[in-house]
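In: I'll drop the sequence and a predicted model, then ask my questions.
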Amino acid sequence: LDLSSCPKLTDASINGLFSAALTSLRLSYCPKISDSAVCGVARSCSSLTRLDVAGCSGVSDKSLKVIAARLKVSLRSLDVSFLDNVSDEGIELVAKLCTHLETLGLEQCPQISNRSMHALATFCGTCLRDLNVAFCHSIGETSVLKVYTTCKLRSLNVTQCRGVSMQARFFLMASSRGKQGREEKSRDDDQDKLDKAP
């Protein structure tokens, strides 16, 4: 369900709209949506695999705590980019409890630091594949590289991260290309085996 970029959408207008059968919800850039609505969604939609609340300025760590507790089994993709009130505390909970999280958007979240990166590297090593921390100026390259190697990320966006040197960015770019090449070769080899099978 895509309700993104609806400036008049309010918490009250979506109360009772959701059910346990809903698997994907985009509320990004709805300025009147707050923690109240997002917490309600997390409590009501137990099958939710994708949640996007990027740019919803009324959303904070309060929502992340409920998301982590209620969607810890189902959640695969979460985008909380452009949120001033999302911090390391909330991301740590998500990292610890959402054990199937594959995609995480944290772009331009000013309170996100190396503490969040450490939590992701520690708890999401077997699942996380795509991470966006662009414009997160409190993140250093050591923690970024640790997340990249520990989690075996397919994609990592560190655009305008002041703590990440150009040398580290070139390494990430080269490593990413090499990883894509190996994955493509592996798929080709698998297909060859299937073609040759009796």
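Out: Looks like it came in fine.
In: use CA for all of it now, contacts and neighbours both
Out: Will do.
In: stretch 133-153 - what's its average pLDDT?
Out: For stretch 133-153, mean pLDDT is 92.
In: contacting residues around it?
Out: Contact with stretch 133-153 is made by 105-114, 117-118, 120-121, 124-131, 156-165, 168, as judged by Cα atoms under 8 Å, 6 or more residues apart in numbering.
In: Leu22: what secondary structure?
Out: coil (DSSP: H, G, I helix; E, B strand; the rest coil).
In: any stretches of the chain with poor pLDDT?
Out: 176-198 (pLDDT under 70).
In: helices of that one, start to end?
Out: For the chain, the helices defined by DSSP state H occupy 11-14, 35-44, 61-70, 88-97, 114-123, 141-151, 166-196.
In: quick check, Leu75 in contact with Arg50.
Out: Yes: in this structure, Leu75 is within contact of Arg50 by Cα atoms under 8 Å, at 6.1 Å.
In: between those two, which one's more packed in?
Out: Leu75 (25 against 20; other Cα atoms under 10 Å).
In: residues contacting the spatially closest residue to the more buried one that is not a sequence neighbour?
Out: Leaving aside its sequence neighbours, Leu75 sits nearest to Thr49 (Cα to Cα, 6 or more residues apart in numbering; 4.1 Å). Residues near Thr49 by Cα under 8 Å, 6+ apart: 23-24, 74-77.
In: using CSV, lay out those residues together with distance to Ser138.
Out: Shown next, in CSV, are the contacts of Thr49 (distance: Cα to Cα, whole Å):
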residue, distance to Ser138
Thr23, 33
Ser24, 31
Ser74, 30
Leu75, 26
Arg76, 25
Ser77, 23
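In: can you pick the most crowded of the residues you listed?
Out: That'd be Leu75 among the contacts of Thr49, by other Cα under 10 Å, with 25 neighbours.
In: alright, that wraps it up for me.
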